[in-house]
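Engineer: return atomic coordinates for the entry below.
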Amino acid sequence: MGRAIEAGLLRVHLHDLRDYSGDRRGSVDDLPYGGGPGMVMKPEPFFGATEEIRHHGEPDAVVLLSPQGRLFSHEEATRLSRLSHIVLLCGRYEGIDERVVEQVATEELSIGDYVLSGGEFPAAVVLDAVSRLVPGVVGDKRSVEQDSFVRGILDHPHYTRPVEVNAHRVPAPLLSGNHTEIRRWRKREAVKRTLERRPDLLQRASLDLDDEESLILQELMNGREYD
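Structural biologist: So this is what the prediction gives:
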């Protein structure tokens, strides 16, 4: 990502909400109306920060990272990678004043069904996942095209030197030099791994599988080895 920024492929700007608090202490949170534990982030810093950002161009999306948001996925990353200007809003504490959701954010995204102390880590996850889909950011575009989830199946296992480690050898097809055999082995292992670890993905991937992958899946589901 750093090299992509230096090359002018990405522009990333950080905005400290305390700079938009409007008071000398830089306060960004306050007690919740109605009582209860924790603190709530005030709306004014978000309003001020996004207003400043809009002076430099209207964003295509203002995304609030929130446990209530739509689940972030490869499809979401692909969609965002096609936009020119994205703002990521990071919450903290017990929550964010709902008026930020209503008046500032255009959408909400969640990176998973768990709670973190703040939105900075989810923002970093979204930034990294989206950036690597921007043309030129990853040196070899085949690395992106062959990633897990791109076609709905997990990636095949990878090996490098040495050939043997602790009596475990690199699978013979990868050492054969036979590109057809290597390709078939990788397809089989990718489908097998997905079937074993994330069978839910195959429900979405089934329409995108090629004939060879479909045959592999059928063989595996019938309990037969694929040659």
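Engineer: contact partners of the lowest-mean-pLDDT helix or strand in the chain?
Structural biologist: Sorting the helices and strands of the chain by mean pLDDT, DSSP states H and E puts helix 141-145 at the bottom, at a mean of 75. Helix 141-145 has contacts (CB atoms under 8 Å, 6 or more residues apart in numbering) with R132, L133, P135, V138, V150. Bear in mind the C-beta positions are built from the backbone N, C-alpha and C, glycine included.
Engineer: what about the residue lying closest to S117 once chain neighbours are set aside, neighbour count?
Structural biologist: The shortest distance from S117 to any non-neighbouring residue, by CB to CB, 6 or more residues apart in numbering, is to R92 (6.8 Å). As a burial measure, R92 scores 17 neighbours (other CB atoms under 10 Å).
Engineer: report the contact partners of R92.
Structural biologist: Applying CB under 8 Å, 6+ apart, the residues near R92 are V28, D29, M41, S117, G118, G119.
Engineer: now, the most widely separated pair of the contacts of helix 141-145?
Structural biologist: Taking CB to CB, the two most distant members of those are P135 and V150; they sit 14.7 Å apart.
Engineer: who has more neighbours, those two?
Structural biologist: Counted by other CB under 10 Å, P135 and V150 do not tie: V150 has more neighbours, with 15 against 9.
Engineer: could I get the contacting residues of the closest residue to that one other than its chain neighbours?
Structural biologist: Distances taken as CB to CB, 6+ apart place H74 nearest to V150, at 6.4 Å, with adjacent residues excluded. By CB under 8 Å, 6+ apart, the contact set of H74 is A129, D147, F149, V150.
Engineer: hmm, try it at 10 Å
Structural biologist: Going by CB atoms under 10 Å, 6 or more residues apart in numbering, H74 touches A129, L133, D147, S148, F149, V150, R151, G152.
Engineer: any idea how far the first one is from P67?
Structural biologist: A129 sits 18 Å away from P67, taking CB to CB, to the nearest Å as the criterion.
Engineer: the more surrounded of these two?
Structural biologist: Each of A129 and P67 has its neighbours counted (other CB under 10 Å); A129 has more, 19 against 16.
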